[in-house]
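**Q** Need the 3D shape of this:
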Amino acid sequence: MDMKVLRIVESVARLQSFSRAADEVCLSVAAVSAAVGRAERDIGLELFERSTRSVRLTPLGEYFLPEIRLLLKQYDGLLHAFGETVKHRRGKVTVGCLASIAVRVMPAAIAQCRRLHPGVDVEIRDAEARAVYDDVAAAHSDFAIVGAFGGRHDLRFEPFFHDPMALICPAGSPLARRKRVGVRELAGQDFVLMSRETGVRAVLEERLGPMQERFRVAHEVTQLSSVMGMVEAGLGVSLVPRLAIPRFLPPSLAVVPLAPRIERPIGLLRRWDRPLSPAAQAFFSCVRGAFPEGGTGGAGAGQARPAAAPDRPG
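**A** Below you'll find the model as predicted:
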């Protein structure tokens, strides 16, 4: 028996009539009678006592009717819950992201989501890139917002934003008075750079190519806060993404745009076999809206661009 048959049985029992039940379930009387007969044959007992004038439940039918009604109520409740989830975007969403995005983008995205989709509960997992990728691959996160993507066949990266790099230097440096600075002009400077295990360094190495050999790397660190501290102490200059720059820099530091621009792509990371739930889609739309426009955001952020077609794994 399926739910349709159980609904017919409940209707006949409540209305005590095959014809009235047929009108209620929009079937012919013959179809209703046949469905009840099949149900009785399947379970091996008669549910109704039939006569030319009346239809009544048998004692066994009376015994099982409350269970049938409970099952139908639970089934209808489940369908209603599914509909509410799709219509009102309800559910929990776990999102991975890098630290710079967690600080600069996620607070605004969560606040917007609370206003527009109060039924969506968001958990943020901010970590270094490798841990973020692993969480998405293991389905611990519904999706992630990441920068440069190392390329994994089990994950899909869909860029939707480009975050320009900028020069960070001491405020007393001659470079600080420039409106913009060319990368080639930085040859011979001492650099404080993110380590090669970070996505930021991967972007720089890819964009700079052989030119990076002309840089003097004085220090390599893994945290952007360490970069800021060393530059502030006069140990060198650095190239960092705009989104990673604190909104309120100390007066001892200066930010100078690069010309030409060097950008890191930022995008949605998810599993190929795991489409976004309605709740995840709702929160992702809030995330996209929280990214600044025009290439600057607060201290500066990337320029929104149409998402490029992802490379499907071969």
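**Q** who touches the nearest residue to S277 once chain neighbours are set aside in this structure?
**A** What sits nearest to S277 in space, not counting adjacent residues and going by Cβ to Cβ, 6 or more residues apart in numbering, is G91, at 6.1 Å. Using the backbone N, CA and C atoms, a C-beta is placed for each residue, glycine as well. Counting by Cβ atoms under 8 Å, 6 or more residues apart in numbering, G91 makes contact with 85, 119-121, 277-280.
**Q** How about G96?
**A** Contact criterion Cβ under 8 Å, 6+ apart gives 125-127, 131-132, 135-136, 141, 143-146, 269 as the residues in contact with G96.
**Q** Can you say which of those are buried?
**A** Buried members of those, counted by 16 or more other Cβ atoms under 10 Å: 125-127, 132, 135-136, 141, 143-146, 269.
**Q** before we move on, which element is V231 in?
**A** Element membership of V231, judged by DSSP states H and E, is helix 224-232.
**Q** Please list the outside residues in contact with the very next helix or strand once past that helix.
**A** The element immediately downstream of helix 224-232 (helix or strand, assigned by DSSP H and E) is strand 238-241. Strand 238-241 is contacted by residues 100, 147, 163-169, 191-194, 200, 204, 224, 227, 230-231, 258, 262, 264, 302 when judged by Cβ under 8 Å, 6+ apart.
**Q** Narrow the contacts of G96 to those in strands?
**A** Counted as lying in strands by DSSP state E, out of the contacts of G96, are 125-126, 143-146, 269.
**Q** Nearest residue to L6 in space, ignoring adjacent ones along the chain?
**A** I68 (5.4 Å).
**Q** isn't there a strand covering I168?
**A** Yes. Under DSSP: H, G, I helix; E, B strand; the rest coil, I168 sits within a strand.
**Q** For the closest residue to H140 other than its chain neighbours, give me its contacts.
**A** In this structure, H140 finds its nearest non-sequential neighbour in T94, 6.8 Å apart by Cβ to Cβ, 6+ apart. By Cβ under 8 Å, 6+ apart, the contact list for T94 reads 122-123, 125, 140-142.
**Q** Same question for T198.
**A** By Cβ under 8 Å, 6+ apart, the contact list for T198 reads 128-129, 222.
**Q** 6 Å instead?
**A** For T198, the contact set (Cβ atoms under 6 Å, 6 or more residues apart in numbering) is empty.
**Q** Could you report the neighbour count for V200?
**A** 25 (other Cβ atoms under 10 Å).
**Q** which stretch of helix or strand covers it?
**A** Counting by DSSP H and E, V200 is part of helix 199-208.
**Q** now the angle from that helix to helix 224-232?
**A** Per axes from the mean of the first three to the mean of the last three Cα atoms, to 10 degrees, the angle that helix 199-208 makes with helix 224-232 is 60 degrees.
**Q** After helix 199-208, heading C-terminal, what element do we hit next?
**A** By DSSP H and E, the next helix or strand past helix 199-208 is strand 216-221.
**Q** Restricting to C-alpha, output that next one in CSV.
**A** Only the C-alpha atoms of strand 216-221 are listed here, as CSV (Å, rounded to 0.1, in the frame of the first residue of the first chain):
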residue,chain,number,x,y,z
ARG,A,216,64.7,40.3,-1.9
VAL,A,217,62.6,38.2,0.5
ALA,A,218,63.7,39.2,3.9
HIS,A,219,61.0,37.3,5.9
GLU,A,220,58.4,34.7,5.2
VAL,A,221,55.4,34.4,7.6
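**Q** Any buried residues in it, and which?
**A** Buried-residue list, strand 216-221, by 16+ other Cβ under 10 Å: 219-221.
**Q** And T198, what's its pLDDT?
**A** You'll see T198 listed with a pLDDT of 78.
**Q** start at 17 instead
**A** Shifting the count to begin at 17 puts that one at T214.
**Q** quick one: it and R146, what's the gap?
**A** Distance of T214 to R146, computed by Cβ to Cβ, to the nearest Å: 10 Å.
**Q** Check R217 too.
**A** Counting by Cβ to Cβ, the separation of R217 from R146 is 13 Å.
**Q** who has more neighbours, these two?
**A** R217 (18 against 12).
**Q** send the alpha carbons of stretch 107-125 over as CSV?
**A** Provided in CSV are the C-alpha atoms of stretch 107-125 (Å, rounded to 0.1, in the frame of the first residue of the first chain):
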residue,chain,number,x,y,z
GLY,A,107,17.9,25.1,7.8
LYS,A,108,21.5,25.2,9.0
VAL,A,109,24.4,26.2,6.7
THR,A,110,28.0,25.5,7.5
VAL,A,111,30.4,27.7,5.5
GLY,A,112,34.2,27.6,5.4
CYS,A,113,36.3,30.6,4.6
LEU,A,114,39.7,32.1,5.0
ALA,A,115,40.4,34.5,7.9
SER,A,116,40.4,37.6,5.8
ILE,A,117,37.0,36.9,4.4
ALA,A,118,35.7,35.9,7.8
VAL,A,119,36.7,39.3,9.2
ARG,A,120,35.7,41.6,6.3
VAL,A,121,32.8,39.9,4.5
MET,A,122,31.0,37.3,6.7
PRO,A,123,29.7,39.7,9.5
ALA,A,124,27.8,41.7,6.9
ALA,A,125,26.6,38.6,5.1
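**Q** Lovely, talk soon.
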